[in-house]
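1. A structural model of the following input is requested.
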Amino acid sequence: MSIGPKNKTHFIKNFLTLEAATWMKAAGTTGYLIYSFYTWKNEMLKARNKTPNHNYWIKIDNDAFRKEIGKHIHRETKTTALKKLAAAGLIELKLEPGSAYKVLKIGGLKQNEK
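-> So this is what the prediction gives:
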């Protein structure tokens, strides 16, 4: 018996509300949008590679951001937010010449931590 074709996975499995609020506190609304995009891409890679306890370097480029999130963020606003998040100790940044920033989330908060 077949139920039908599988739907595309378009949810974020480990979207932590307190962690999102921490990113928003550090970098404003742009920080929240970056958290949403990063977490979605990271969870998809975890599911595909079957590595639940591994965070990946995710490229935060404007074209993919606009396509997946549906929002356009000016490059200077995005850079400022990423630098604020790095200064707050939430992410690591990597920049290669001629490319967009790559982001790696550091650690994370549990839902019951304050």
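
2. Flag every buried residue along the helix or strand bottoming out on mean pLDDT in the chain.
-> Taking mean pLDDT, DSSP states H and E as the measure, the helix or strand of the chain with the lowest value is helix 62-69, at a mean of 84. Buried residues in helix 62-69, defined by neighbour count with 16 or more other C-beta atoms under 10 Å: Phe65. Backbone N, C-alpha and C define where each C-beta goes, glycine included.

3. Which strands and helices lie in contact with it?
-> Helix 62-69 is packed against helix 17-49, helix 75-87, with contacts defined by 3 or more C-beta pairs under 8 Å, 6 or more residues apart in numbering; DSSP states H and E.

4. Tabulate those (JSON lines), appending mean pLDDT.
-> Converted to JSON lines, the helices and strands packed on helix 62-69 look like this (pLDDT from 0 to 100):
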{"stretch": "helix 17-49", "mean pLDDT": "91"}
{"stretch": "helix 75-87", "mean pLDDT": "94"}
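
5. how about the ones you listed, which one is nearest Lys67?
-> Taking C-beta to C-beta, helix 17-49 is the member of these nearest to Lys67, at 10.4 Å.

6. any idea which helix or strand comes after the closest one?
-> strand 58-59 (DSSP states H and E).
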